[in-house]
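Visitor: Sharing a model that was predicted from the sequence below.
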Amino acid sequence: MMTNSAQQTPETQPTWRQRLTGVLDMFAYPLRTSHYVELVNPLWSTHQMQAQVVDVWDETKDARTLTLRPGVNWRLNRPGQHVRIGIPIEGRHYTRTYTISSPPERNDDCFTITVKIIEGGRVSRHIVRNIKVGDYLPIGLPQGDFYLPDASPIQPLFITAGSGITPAMSMLRSLVVQQRLPDTVHIHYAPHEFDVIFSKELRQLAADKKQYHLHEVHTQEFGEHKQSQGYFSEEQLATLCPDWKERDCYACGPPGLLAALESLYEQAGLSRRLHIERFLADFAEIPQDAVGGKVRFARSNMAVDADSETNLLRVAEDAGMNPPHGCRMGICHTCNTRLLSGCVRDLRTGEVLNETGAIVQTCVCAAAGDCELDL
Amino acid sequence: MATQKPLPVDLTDEQIDEFGREMESIYDDIMQSRGESDRQYILGIIRTQRSMALIGRLFMYAGLFFLPAWPHALAGWTATLLIMGLGTFMLGIAKILENMEIAHNVLHAQWDWMKDPEIQSNTWEWDTMSPSDRWMHSHNVVHHTWTNVLEKDLDVGYGIMRVTPLQKWHPKYLPQPVYFLLLMLFFEEGVALHEQALVDVVEGRKKPAELKPLARRIGRKIWGQVRKDYIMWPGLAALVAIPISFVVPASPLLVFGLVAGANFVANIIRNIWSFMIIFCGHFPEGVYNFTPDQVEGESRGQWYLRQLLGSANITGGSLFHVLSGNLSHQIEHHLFPDMCSNRYPEASQRVRAVAARYGLPYNRASLWRQFGTTWLKNLRLAFPGGRPQPEVARA
């Protein structure tokens, strides 16, 4: 049913394990044996990896750490990497990426993610407030290139804000367990002293290890709801970490902070010393005046202009393509494709789709601003 | 653009447009209220179905331990066949659930809104010989767009039967009562071969060589199904039976035959049931067929009206509806093909009331009435003539 078998390259010889799975899958055709194994224990399934929530813990008033036990076939993360997690909310499946906050040296086969509620964020709120111990969530494998070199004499400077602490935390924990924590400066921005994720552990670390220098910058008074002080600046950096130019900077936080860091390092000609992890934006901005826009067909490598009334199937056909289609009235779903970026509007309901990966019925959807389709 | 010929109703175009708007408001209401409970429903059905299939197959194996050759007190043909029969029944029900309530509806994109990568119309493959993407074309596109339109909808008689007097009689329809029985028993094979391309070859519009890629594709799916039910499962039983046969004098060949036979019966159970439900969808007495000149250029309202007139529901309890894949709500399924099936009962309540207000027929009766009239019509229409459908459809 899934595409796994198609991904194997034909020239590689299958291993004995793949051969055995192949024979076993013949008993389950057209499903795979794993679909039945899953009935006994979801963590044993191999067609879709799952993780069970085994613990939850509130780090601050709006951030929670979930301890997850991944299924078989899990590969340990490198500290700083992230993982994709599927979350069902009101029947709908959402996929989000979260940084793993635990080190791979954890010895109970579990890993943790730490999620902070984003203002207006449905998925983050659901994870922090509604996910229960015992729930199963589909997960991917650890990914990402934001990690420390395995063996290298670098002296890191961590600049983190809010839940941007998570990759740094995974790195710090790992370095401590390996007993190879180098001289480290850590500047962390948080609203106030009780709103620092992992505050107890960080402060304890700063007290125990003389080579770890923690600077907490608090950006709000108690009771305030907006950042009022402590903005990042070159002077501030120079005060807290005079030797910043000699260090490798690992930064994670909101776009404003990262943009300021990027321009600072560029001016100093040190861009290669700056390593950045962004919070990924999964949604495109909805244009106020939905007047159509440029439609890109990724697989055909074509881009054409479209108005807000002509359905995308027609747009593709006028551009000389012949995408799959059937009824042309939105009932047969033959024309379904994926939205790679941007916005489209369902002409029947007026609903705007702007989530990356959303299924688009091209025969009844039109461009709402620029968009890119998997056609 | 208007159609050349009107639909057989005494409503004005404006009234038909309003009927269409009422249908769309029912659709919108229900589609907007989908949520977690619907997801739990389909996940629960899938879990139940897979468990039943697995347990059914294990029961078949368990039955082998009661063959008369075993020395223990419970051994005997009665116990063997009883336990294997139970397993066969469970596997049959599991196959029915998979084909009807799960796969048919998943392939209609009824569950795509959940965006669950495991339950998507474009990746689901079902437990039957027809490759799901081929079927999606012949069913979702051709049949659901051209419902009951002669010369357009291949499901009007499947190219071998005369199901409405509008079809011209031809001697080739004489043996259709036999086709009816054969198709009932081998419905799975029939669906796999349900392709316009095959009809084109038989009628000489295409060369047999052009069928090759299609045949290879269908052949691969059929091979997967046959391998599972008639080689792997019986083979494993026979393999285990070989060493045991030195102690217990039961032939591994007999074991192979019993398991293969049980799987065959399970497939037949599924075939007969699916055939009965599906034939009750468009062929019972009182269902309307249409000619292309009634349909080309139709409005949205006329489209909805045609779906209502061209389909028939079956009454029954909630377990019956689930086992029929909610195709017992064929009218609602044709009005709203991508609405998740567990919502058809509530849509049905409202559609029936709308039909009554507009004075339109709403074809709904017990399985025995619907299947009985389908069968009688099949017998009658094998011969020339037949009672024409009413000029005007009234409740």
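Guide: Yes, it's here. It should be emphasised that the depicted structure is a prediction, and the values quoted were computed from it without experimental measurement.

Visitor: Just say helix, strand or coil for A:Tyr189.
Guide: State at A:Tyr189, reduced to three classes by DSSP: H, G, I helix; E, B strand; the rest coil: strand.

Visitor: ok, it - how many residues close by?
Guide: The local packing of A:Tyr189 (other Cβ atoms under 10 Å in any protein chain shown) involves 23 other residues. Glycine gets a C-beta too; all of them are placed from N, C-alpha and C.

Visitor: Pretty sure it sits against A:Leu258.
Guide: No. In this structure, A:Tyr189 is not within contact of A:Leu258 by Cβ atoms under 8 Å, at 11.9 Å.

Visitor: and A:Arg84, what does it touch?
Guide: When contacts are counted by Cβ atoms under 8 Å, 6 or more residues apart in numbering or on different chains, A:Arg84 touches A:Thr95, A:Arg96, A:Thr97, A:Ile139, A:Gly140, A:Gln143.

Visitor: Quick check: chain neighbours aside, which residue is closest to it?
Guide: Distances taken as Cβ to Cβ, 6 or more residues apart in numbering or on different chains place A:Gly140 nearest to A:Arg84, at 3.7 Å, with adjacent residues excluded.

Visitor: Now do that neighbour against A:Leu76, distance only.
Guide: Distance of A:Gly140 to A:Leu76, given as Cβ to Cβ, to the nearest Å: 14 Å.

Visitor: Report the next helix or strand after the helix or strand of chain B with the lowest mean pLDDT in sequence order.
Guide: Counting by mean pLDDT, DSSP states H and E, chain B has its least confident helix or strand at helix B:196-202, which shows a mean of 80. Once the chain leaves helix B:196-202, the next helix or strand it forms, by DSSP states H and E, is helix B:212-227.

Visitor: Show me what that next one is in contact with.
Guide: So helix B:212-227 is in contact with A:26, A:29-30, B:127-131, B:134, B:192-193, B:195, B:197, going by Cβ under 8 Å, 6+ apart.

Visitor: try 6 Å this time
Guide: Helix B:212-227 has contacts (Cβ atoms under 6 Å, 6 or more residues apart in numbering or on different chains) with A:Met26, A:Tyr29, B:Met129, B:Pro131, B:Ala192, B:Ala197.

Visitor: Filter the residues you listed down to the buried ones and express that as a PyMOL selection.
Guide: Remark: buried members of those, expressed as a PyMOL selection using 16 or more other Cβ atoms under 10 Å in any protein chain shown:
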select buried, (chain A and resi 26+29) or (chain B and resi 129+131+192)
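
Visitor: name the element residue 332 belongs to?
Guide: With no chain named, the answer covers chain A. Counting by DSSP H and E, there is no helix or strand that carries A:Cys332.

Visitor: meant chain B, my bad for not saying
Guide: Using DSSP H and E, B:Glu332 sits in helix B:330-335.

Visitor: show me where chain A has helices.
Guide: A:4-7, A:16-28, A:33-40, A:122-130, A:165-177, A:199-208, A:234-240, A:255-267, A:312-318 (DSSP state H).

Visitor: Tabulate those helices in a markdown table, adding columns for mean pLDDT and distance to chain B.
Guide: Output for the helices of chain A, formatted as a markdown table (pLDDT from 0 to 100; distance: least, Cβ to the nearest Cβ, whole Å):
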| stretch | mean pLDDT | distance to chain B |
| --- | --- | --- |
| helix A:4-7 | 40 | 11 |
| helix A:16-28 | 92 | 5 |
| helix A:33-40 | 95 | 5 |
| helix A:122-130 | 93 | 11 |
| helix A:165-177 | 96 | 25 |
| helix A:199-208 | 96 | 35 |
| helix A:234-240 | 94 | 43 |
| helix A:255-267 | 92 | 27 |
| helix A:312-318 | 90 | 14 |
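
Visitor: Give the closest residue to A:Leu264 in space, chain neighbours not counted.
Guide: Nearest one to A:Leu264, counting by Cβ to Cβ, 6+ apart, is A:Glu234 at 5.8 Å.

Visitor: Now the nearest residue to A:Pro30 once chain neighbours are set aside: phi and psi?
Guide: Computed as Cβ to Cβ, 6+ apart, the closest residue to A:Pro30 that is not its neighbour in sequence is B:Glu125, at 3.9 Å. Per-residue torsions, B:Glu125: phi -120, psi 140 (degrees, to the nearest 10).
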